[in-house]
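Engineer: let me see the structure of the following:
(2 chains)
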Amino acid sequence: MGNGTSIGRVRGLGAAHHGPHHWLVQRFTAIGNVVLMSWLLVSLITLGDYGYANVVKWLSQPLSATAMILLVVSLFWHARLGLQVLIEDYIHDAGSKFAAISALNLATIGGGAFGIFSVASLAFGGQA
Amino acid sequence: MNQRPLSPHLQVWRWGPHMLVSILHRATGDGMALIGLGVLVWWLGASASGPEAYASFQAVMGSVPGMIVLVGLSWAFFTHMMSGMRHFVLDIGAGYELETNRLWSMLAPIFAIVLTAAFWAAILLV
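Structural biologist: Residues are numbered from 1 along each chain as shown, chains lettered A, B, ... in the order given. The predicted structure follows:
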């Protein structure tokens, strides 16, 4: 291991094991999505009445609010990773790719924050 | 972009079920990311904003075009989930034999349609 060129400094050290990170997190969030979407779909089936009062009553319960907040996090995270791959596959210009991924981060973090805040405001009983 | 020749691309291959399930996975996933998350966040935001905002959400999603979107999203979810399950199996190194791969590539989207129908039957009947 040398200390000259950048390749010389890393040669022989093996993989950093950071390469599969995106791939692994896509799987971890996929598992979260399966678990939490199963909860949502079963809840929707048993909910029956989709009117304002009933939905708010259901969503304000601690268990529903927690599950919904976790679902929002898991879904937006998974979607961010998936859309990133879409951008990387189809946008080849470096500048446009940078802009698209920046916009993607703003949209997914913003959308996720809005979803979490909405559920929290219901659970804490405040009228947003 | 440079003008170097490209390797053979989509148009030279004979279509097979593995190609269908692959592009369906991408289309349903990105479709849900772009449309489904919007509907979800609108639903949550409308619930938090009060009865009037909720009523306008319900009016749009309860209309015929709205219901088509909801049924489409549920189909996209089950399709993406089934092809995602297929990915988990492929990830452990199984299911690459040609016949096995072909079989599950066809079964995944069919199961998804069955699950979609079962879900809406449960919604309407329960």
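
Engineer: which residues sit in contact with the residue nearest the centre of chain B?
Structural biologist: Centroid-nearest residue in chain B, with Cα atoms, centre = their mean: residue B:76, separated by 2.3 Å. Counting by Cβ atoms under 8 Å, 6 or more residues apart in numbering or on different chains, residue B:76 touches B:28-29, B:31-32, B:36. All C-beta atoms are positioned from the backbone trio N, CA, C, and that covers glycine.

Engineer: give the rounded mean pLDDT of the host helix or strand of it.
Structural biologist: If you go by DSSP states H and E, residue B:76 is part of helix B:64-91. Confidence over helix B:64-91, taken as the mean pLDDT, stands at 98.

Engineer: next one: stretch A:51-60
Structural biologist: 96.

Engineer: and that stretch, what's buried?
Structural biologist: A:52, A:55, A:58-60 (16 or more other Cβ atoms under 10 Å in any protein chain shown).

Engineer: same list, these, but as CSV with secondary structure and distance to chain B please.
Structural biologist: As requested, these are exported to CSV (DSSP: H, G, I helix; E, B strand; the rest coil; distance: Cβ to the nearest Cβ, whole Å):
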residue, secondary structure, distance to chain B
A:52, helix, 4
A:55, helix, 6
A:58, helix, 10
A:59, helix, 6
A:60, helix, 9
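
Engineer: going by distance to residue A:105, which of the residues you listed wins?
Structural biologist: Closest to residue A:105 out of the buried residues of stretch A:51-60 is residue A:59 (27.2 Å), distances taken as Cβ to Cβ.

Engineer: that closest one is in contact with residue A:115, isn't it?
Structural biologist: No - Residue A:59 is beyond contact range of residue A:115, at 11.4 Å (criterion: Cβ atoms under 8 Å).

Engineer: residues near residue B:10, how many?
Structural biologist: Using other Cβ atoms under 10 Å in any protein chain shown, the number of residues around residue B:10 comes to 8.

Engineer: what about the nearest residue to residue B:13 once chain neighbours are set aside, which helix or strand?
Structural biologist: Using Cβ to Cβ, 6 or more residues apart in numbering or on different chains and skipping residues adjacent in sequence, the residue nearest residue B:13 is residue B:19, 7.1 Å away. According to DSSP H and E, residue B:19 maps onto helix B:17-31.

Engineer: make a markdown table from the contacts of residue B:76 and add neighbour count, distance to chain A and pLDDT to it.
Structural biologist: Formatted as a markdown table, the contacts of residue B:76 follow (neighbours: other Cβ atoms under 10 Å in any protein chain shown; distance: Cβ to the nearest Cβ, whole Å; pLDDT from 0 to 100):
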| residue | neighbour count | distance to chain A | pLDDT |
| --- | --- | --- | --- |
| B:28 | 25 | 10 | 98 |
| B:29 | 25 | 5 | 98 |
| B:31 | 15 | 10 | 97 |
| B:32 | 25 | 7 | 98 |
| B:36 | 22 | 8 | 98 |
